[in-house]
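S.K.: predicted structure and sequence below. I'll ask about it afterward.
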Amino acid sequence: MLVLAASYNSNYLKRFIQEERFRPLLDRTIGFLRRLAPISSTCALDCSILEKISRLLFPTPTADVKQIYRNEGYEPQSAHTSFSHST
């Protein structure tokens, strides 16, 4: 998905990516990762990354923002901060 997103964002390569196929695939991948996020920190992080990319590529009008679930503010702990409280 990252390669497709980068290609879609490129002025030259965008013409090779069909939005009507790419956008549903991106949404489906985000939905899949969101379902796995509670049991996998890797999936949670990947979901967060793809959600941010999706917001950049396909901005939502501000009137619709409240109706859409967003994973706003979720930043997984890094290895450094995860172990800083354990002694």
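M.R.: Looks like it came in fine.
S.K.: what's the neighbour count on Cys47?
M.R.: 22 (other Cβ atoms under 10 Å). C-beta here means a position set from N, CA and C on the backbone, and glycine is covered the same way.
S.K.: kindly apply the preceding question to Asn9 instead.
M.R.: Counted by other Cβ under 10 Å, the residues lying close to Asn9 total 13.
S.K.: you'd agree it is up against Ser54?
M.R.: No. The criterion here is Cβ atoms under 8 Å, and Asn9 misses it with Ser54 at 11.6 Å.
S.K.: pretty sure Asp46 sits against Arg34.
M.R.: No. At 9.9 Å, Asp46 and Arg34 do not qualify as touching, with contact defined as Cβ under 8 Å.
S.K.: show me where the protein has its helices.
M.R.: Along the chain, counting by DSSP state H, helices occupy 2-9, 19-36, 41-57, 79-82.
S.K.: quick check: the nearest residue to Leu36 once chain neighbours are set aside vs Phe22, distance?
M.R.: Nearest non-adjacent residue to Leu36, counting by Cβ to Cβ, 6 or more residues apart in numbering: Cys43, 4.0 Å away. Between Cys43 and Phe22 the computed distance is 21 Å (Cβ to Cβ, to the nearest Å).
S.K.: mean pLDDT added to the helices of the chain, as CSV?
M.R.: Formatted as CSV, the helices of the chain follow (pLDDT from 0 to 100):
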stretch, mean pLDDT
helix 2-9, 94
helix 19-36, 94
helix 41-57, 94
helix 79-82, 47
